[in-house]
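Student: Fold the following, please.
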Amino acid sequence: MIRLENLTKVFDTPKGAVVAADHINMEVPSGEICILLGPSGCGKTTTLKMINRIIRPTSGKVFIDNQDTTSLDTQTLRRNIGYVIQQIGLFPNMTIEENITIVPRLLGWNAKKYKERARELMHMIALEPDAFLKRYPSELSGGQQQRIGVARALAADPPVMLMDEPFGAIDPINRAVIQDEFIKMQKELKKTIMFVSHDIDEAIKMGDRIAIFRDGHLVQYATPDELLAAPQDNFVESFLGEDRALKRLNLIKVQDVINSEVETVTQQDSMETALSRIDRSGYQHAIIMVNEQRQPTGIIPRSVAQVSKGRCHDHAQQVPAIVNINDDLRKAVSLMLANDITWLPCVDDNNQLCGHITQRAMTHHLGARFRAQSGNTAPTAPLTEE
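Tutor: All right, here's what the predicted structure looks like:
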């Protein structure tokens, strides 16, 4: 949807020519979010602003949906690109409705259509239309204003959106909420988005692809997982941080690492049955007890099964923690650390047991990419330890 060919910007200064962006080549597939990342002054914002001609390129081309944008006049180009900035840029003398609908009105939409669009977008950004549309920007919090800025950029349903640190000025709690809302919206809307950020965690959370810039050059362009697993050089590696392996926890779902072959007992099974299944499976610590709906209701520790008689429901202990298969590994690790355990039962959205995940399995999964990169593919021990 977006293609940059040798896009270059040279600024003339009293001290001579400064190359802000040097022959940038990249493609952003339709429906994906591309994060432009790098230190201040690296060329990422300049590159973004050349796409809608806020900054005119010195040379090179921008293609949107295979159309060379040099064939479009600037007004037409900008009206077909949604644009969101950190400072939000709402017009203080206009109501929220007027702010959201400014581009549709410029495009000649009739009043019924653009008013319906405003209400639709307010629902999308989780703000009640009747409570907010007639207000002015000064009557809203910073986080609410930022949401309105996003809604305004979406108003004319543009295929492409440019976002210049749109959540950077918001406090961490509201920023996380808005990021989550935006990701939810993007799953439905599937816009093609280029997004400037300084925050590596934001880039990993939101980006389908990440472009790392340095001194006007595009250093590496890859998916978040590829970037974290195989940084191209020392600059990228240091920029990502020494905890880049831990950052990958955000990208991997529990269902990618789950062991679905899990032994269980029912509430009416005997403790002898529990011990034999623990031994048969090779579990070190405990076995999961489930009800008739196969929902985990307790655990039988090995130490208890070895000395107790009777039914499982008489001796079961509370399940320390449970993780959903759609959660990421970061949550799984957090639960393990908080409860001082090395494994977790995994459930689906109906709370039915799907399997279990172990600390060792996660370590193995994360390390596989690094081993492949280094050429070390030696087999490891079976992952039976709980």
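Student: and Thr45, how many neighbours?
Tutor: 21 (other CB atoms under 10 Å). Heads up, the C-betas are built off the backbone N, CA and C, glycines and all.
Student: what does Thr297 give?
Tutor: 17.
Student: which secondary structure element contains it?
Tutor: Taking DSSP states H and E as the criterion, the element that holds Thr297 is strand 296-301.
Student: May I have that strand exported as PDB, CA atoms only?
Tutor: The C-alpha trace of strand 296-301 is given here as PDB (Å, rounded to 0.1, in the frame of the first residue of the first chain):
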ATOM      1  CA  PRO A 296      -9.500 -27.000  36.400                       C
ATOM      2  CA  THR A 297     -10.800 -27.000  39.900                       C
ATOM      3  CA  GLY A 298      -7.600 -27.900  41.900                       C
ATOM      4  CA  ILE A 299      -4.200 -29.600  41.900                       C
ATOM      5  CA  ILE A 300      -2.900 -32.700  43.600                       C
ATOM      6  CA  PRO A 301       0.700 -32.200  44.600                       C
END
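Student: The helix or strand following that strand: how far from the chain's middle?
Tutor: Note on strand 296-301: by DSSP H and E, the next helix or strand toward the C-terminus is helix 302-305. Relative to its chain's centre, helix 302-305 lies at 41 Å (CA atoms, centre = their mean, to the nearest Å).
Student: Pull out the buried residues from helix 302-305.
Tutor: 302, 304-305 (16 or more other CB atoms under 10 Å).
Student: And that helix, what does it pack against?
Tutor: In terms of contacts (3 or more CB pairs under 8 Å, 6 or more residues apart in numbering; DSSP states H and E), helix 302-305 is packed against helix 271-281, strand 286-290.
Student: Just the mean pLDDT for it, thanks.
Tutor: Mean pLDDT, helix 302-305: 89.
Student: Give me the contact list for it.
Tutor: 271, 274-275, 278, 283-287, 315, 317 (CB atoms under 8 Å, 6 or more residues apart in numbering).
Student: try 6 Å
Tutor: 271, 274-275, 278, 285, 315 (CB atoms under 6 Å, 6 or more residues apart in numbering).
Student: how close does Met289 get to Arg3?
Tutor: Applying CB to CB, to the nearest Å, the value for Met289 to Arg3 is 56 Å.
Student: Same question for Cys34.
Tutor: The value you get for Cys34 to Arg3, if CB to CB is used, is 11 Å.
Student: Glu139 now?
Tutor: On the measure of CB to CB, Glu139 and Arg3 end up 42 Å apart.
Student: Compare those two and say which is more crowded by neighbours.
Tutor: Remark: of Glu139 and Arg3, Arg3 carries more neighbours, 18 against 12, as counted by other CB under 10 Å.
Student: Which strand residues bridge that one?
Tutor: Applying DSSP bridges to Arg3 yields these beta-bridge partners: Glu27, Phe63.
Student: didn't it look like it was pressed against Met26?
Tutor: No - the pair Arg3 / Met26 is not scored as a contact, 7.6 Å apart, by CB atoms under 6 Å.
Student: Ala17 falls within a strand, correct?
Tutor: Yes - assessed with DSSP: H, G, I helix; E, B strand; the rest coil, Ala17 lies in a strand.
Student: Quick one: neighbours of it, just the number.
Tutor: Counted with other CB under 10 Å, Ala17 comes out at 9.
Student: Distance of it relative to Leu7?
Tutor: 17 Å.
Student: Please apply the same query to Pro224.
Tutor: 23 Å.
Student: and what of Glu188?
Tutor: 30 Å.
Student: neighbour count winner among the two?
Tutor: Between Glu188 and Leu7, counting by other CB under 10 Å, Leu7 is the more crowded of the two (24 against 8).
Student: Nearest residue to the more buried one in space, please, no chain neighbours.
Tutor: Gly60 (3.7 Å; CB to CB, 6 or more residues apart in numbering).
Student: residues touching that neighbour, list them.
Tutor: 5-8.
Student: Which among those count as buried?
Tutor: 7-8.
Student: ok, so of the contacts of Gly60, who is nearest Gln144?
Tutor: Leu7 (35.0 Å; CB to CB).
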